[in-house]
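Visitor: all I have is the shape, not the residue letters:
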């Protein structure tokens, strides 16, 4: 048990260390100091109270959407469509936020529910195709990403467009649909509490509930799940809907806590970054949360690094890509070897060929 926990911690740390080493080489070749560059980056991310608040603001959607990716992977599904699901959830929340005005105690939960529903619907479609027709979820979720991109673009430039501006965006949501700031002088909002609840709910779902057991069992071995009486098609659809619901929640929180409207291409790629967040976090609740804070710090500190050292902020993208490669190879290699996910302690069903030697009969 202790050895497995130590291995669980070392694997993502090794991937992260490899990413920073390779990024350091690139920075050094470009003529800058890696120490100064990374020092400026983390100074800009954690150097003051407001900086920490902005880092957490960027970590909130990464944490929730990272859980969406993690839930899919725990079920054996690679949900590449988190970005599209996030957009659909954000647009649904923004639409309800400006269309009606209700007491905040009612309006905020309704907008969050709309975001969850929008993301769940966008996750249901590839889940159904996977369960009923065997269509691979990577293909369908990538295709649905583009449909979400262009559908939201069309809506915010036509039916849902704010007529008072030339920008492709919805009207601002009412004050009753906004998530208040935790500190008046900062940008950190109560979406942080929602993210914490999502992390706690994910941990409970995967470790303490029957549904979580079924999701993990299908991910570790569909044939064994069928033998145990679990509906594999139904579990696949449920997993994709839950994953999409989390992504939609991330989009709704971002609209309600930061932008107060939906505008075209408002997401800087949270849905894609969440893949690295989930893999680095080992598809666990706490690991994904910590990974989201790290990537939030990278995003928040990248501009400070560029201003202080002339190191381009795109080095953050390089770090994320290397993390995906190293962590992804480790994760999918372990999964292919039949040992389950490399960090959360699940074990794949052990199949052993029957010993036919004892069944031979003398003739």
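Guide: All right, it came through fine. Not measured: the values here are computed from a predicted model. Numbers count the residues shown, from 1 in each chain.
Visitor: what are the boundaries of the helices in the stretch 101-250 of the chain?
Guide: In the stretch 101-250 of the chain, the helices defined using DSSP state H, counting those that start in this stretch lie at 104-133, 137-157, 191-208, 210-220, 222-227, 232-254.
Visitor: got the angle between the second one and helix 104-133?
Guide: Between the axes of helix 137-157 and helix 104-133, defined by axes from the mean of the first three to the mean of the last three CA atoms, to 10 degrees, the angle is 140 degrees.
Visitor: list the contacts for residue 232?
Guide: Contacts for residue 232 (CB atoms under 8 Å, 6 or more residues apart in numbering) come out as 131, 218, 222, 225-226. Heads up, the C-betas are built off the backbone N, CA and C, glycines and all.
Visitor: would you mind checking the residues you listed for buried ones?
Guide: 131, 218, 222, 225 (16 or more other CB atoms under 10 Å).
Visitor: low-confidence stretches in the chain?
Guide: Residue ranges of the chain with pLDDT under 70: 1-10, 185, 330-363.
Visitor: mind listing what's buried in stretch 100-111?
Guide: 107-108, 111.
Visitor: looking at those, which is nearest residue 277?
Guide: Distance to residue 277 across the buried residues of stretch 100-111 (CB to CB) is lowest for residue 111, with 24.3 Å.
Visitor: so where does the spatially closest residue to residue 110 that is not a sequence neighbour fall, helix or strand?
Guide: Counting by CB to CB, 6 or more residues apart in numbering, residue 110 lies nearest to residue 96, which is 6.0 Å off, once chain neighbours are set aside. Following DSSP states H and E, one finds residue 96 within helix 82-99.
Visitor: got the angle for that helix vs helix 137-157?
Guide: With the same axes, to 10 degrees applied, the angle from helix 82-99 to helix 137-157 works out at 30 degrees.
Visitor: and the angle for helix 82-99 with helix 232-254?
Guide: 50 degrees.
Visitor: do you know which of the helices of the stretch 101-250 of the chain lies nearest residue 27?
Guide: helix 232-254 (30.5 Å).
Visitor: which positions in that closest one come out as buried?
Guide: Using 16+ other CB under 10 Å as the test for burial, helix 232-254 gives 232, 235-254.
Visitor: give me the distance between the residue nearest to the spatial centre of the chain and residue 236.
Guide: Relative to the mean C-alpha position of the chain, the nearest C-alpha, by CA atoms, centre = their mean, is the one of residue 66, at 2.1 Å. Residue 66 is 21 Å from residue 236, where distance means CB to CB, to the nearest Å.
Visitor: just to revisit the earlier point, can you redo the contacts of residue 232 as JSON lines with distance to residue 200?
Guide: JSON lines is the format used below for the contacts of residue 232 (distance: CB to CB, whole Å):
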{"residue": "131", "distance to residue 200": "29"}
{"residue": "218", "distance to residue 200": "23"}
{"residue": "222", "distance to residue 200": "29"}
{"residue": "225", "distance to residue 200": "26"}
{"residue": "226", "distance to residue 200": "31"}
